[in-house]
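Novice: Provided below are the primary sequence and the corresponding predicted coordinates.
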Amino acid sequence: MMQDDLPKRCGKNKDGYRGESIDPDNILGQLEDQSKAKSWKTEHLRFGNTSRESLLFLESRDTHHQKRVLISGGIHGDEPATTAAIAQLILNAELPGAISYYVFPCLNPTGMRRGARENAEGSDLNRDYFKKQTNEVQTHLHKLEALPRFDLALHLHEDWEAAGFYLYELSKENTPAIYGRRILDQVGKVCPIELAEMIEGMPADRGLIHPRHRYLDRDDWPEAFHMMRHKTDHCLTLEAPSDFELNIRVKALITAVQTAIRIL
């Protein structure tokens, strides 16, 4: 399928997309209630100064197979397609089988309620995985310490500036990108791919960014940097273009997750 035949951008800016949101408490409540019937274990990880605030964690272990995948979303509250995609993958049983899954569907519930990138205190959680100053990140990391290493970590995001879907593939030093091109080939059937040669200041090849290991020199670590240092040898950050309808972004993210796991 040619890019010209795919869905078109809506022409909205970042502020316009703040009105297109989900109710995180409702969708996470449904996810918790209905996932139990599908043999998922759920846990509320409390954070902050009130008993109300928590991160939902879901786990589905396959004792007959050793492959482990972490999936996370909703770390930026103005990226609702990430949490919506994870909920659909679980509730519609759309995740490939024979895998153990560890899932954080919404790492920033206070931000998602407001449709804001930052949490209620104004912090960008996805820049705090080195300094570890926010309650949400501390809670997330405490749970991660109790979990095994992962064969693959998938972090779902949106980018309101992007003209199409793109991804970051992080891997061990001197290891080639083995997931990105195949994922983008499949996503390209449902959503345009970002074709800019530079994305977020990094060289890109038709939507694929494969950074060198000097990225770890930064001290404003996103979640993916912590995962690469401590929990996995392969990490994908999947970026859907916010300037498309919500259902298109959800479909693109689901396609990317399914393709990555099938490759694994």
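Specialist: Alright, I've got the coordinates.
Novice: So for the chain, the centremost residue is which one?
Specialist: Centroid check for the chain by CA atoms, centre = their mean gives residue 156 as the closest residue, at 1.7 Å.
Novice: how much space between that one and residue 174?
Specialist: Counting by CB to CB, to the nearest Å, the gap from residue 156 to residue 174 is 27 Å. Glycine gets a C-beta too; all of them are placed from N, C-alpha and C.
Novice: do the same with residue 115
Specialist: As for residue 115, its distance to residue 174 is 41 Å (criterion: CB to CB).
Novice: Looking at the two, which is more packed in?
Specialist: residue 115 (17 against 7; other CB atoms under 10 Å).
Novice: That one and residue 23 touch, don't they?
Specialist: No - contact between residue 115 and residue 23 fails when scored by CB atoms under 8 Å: they sit 10.8 Å apart.
Novice: hey, what's in contact with both of the two?
Specialist: Listed as contacting both residue 115 and residue 23 by CB atoms under 8 Å, 6 or more residues apart in numbering is no residue at all.
Novice: Spell out, range by range, the strands that occur in the stretch 51-200 of the chain.
Specialist: Ranges of strands within the stretch 51-200 of the chain are 54-60, 68-72, 100-104, 152-159, 166-171, 198-199, based on DSSP state E, counting those that start in this stretch.
Novice: Any chance of TSV for those strands, columns mean pLDDT and distance to residue 187?
Specialist: Output for the strands of the stretch 51-200 of the chain, formatted as TSV (pLDDT from 0 to 100; distance: least, CB to CB, whole Å):
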stretch	mean pLDDT	distance to residue 187
strand 54-60	97	24
strand 68-72	98	16
strand 100-104	98	20
strand 152-159	98	12
strand 166-171	96	8
strand 198-199	96	15
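Novice: Tabulate the ones you listed (JSON lines), appending distance to residue 79.
Specialist: Output for these, formatted as JSON lines (distance: least, CB to CB, whole Å):
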{"stretch": "strand 54-60", "distance to residue 79": "16"}
{"stretch": "strand 68-72", "distance to residue 79": "12"}
{"stretch": "strand 100-104", "distance to residue 79": "14"}
{"stretch": "strand 152-159", "distance to residue 79": "4"}
{"stretch": "strand 166-171", "distance to residue 79": "14"}
{"stretch": "strand 198-199", "distance to residue 79": "16"}
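Novice: For residue 81, see how far away the residue nearest to residue 101 when sequence neighbours are not counted is.
Specialist: Leaving aside its sequence neighbours, residue 101 sits nearest to residue 60 (CB to CB, 6 or more residues apart in numbering; 4.7 Å). Distance from residue 60 to residue 81, counting by CB to CB: 22 Å.
Novice: Of the two, give the one with the bigger neighbour count.
Specialist: A count of neighbours by other CB under 10 Å puts residue 81 above the other of residue 60 and residue 81, at 29 against 18.
Novice: show me the residues around the closest residue in space to that one that isn't next to it in sequence that make contact.
Specialist: Closest residue to residue 81 apart from its sequence neighbours, by CB to CB, 6+ apart: residue 249 at 3.7 Å. Applying CB under 8 Å, 6+ apart, we find residue 249 in contact with 81, 85, 158, 191, 240-242.
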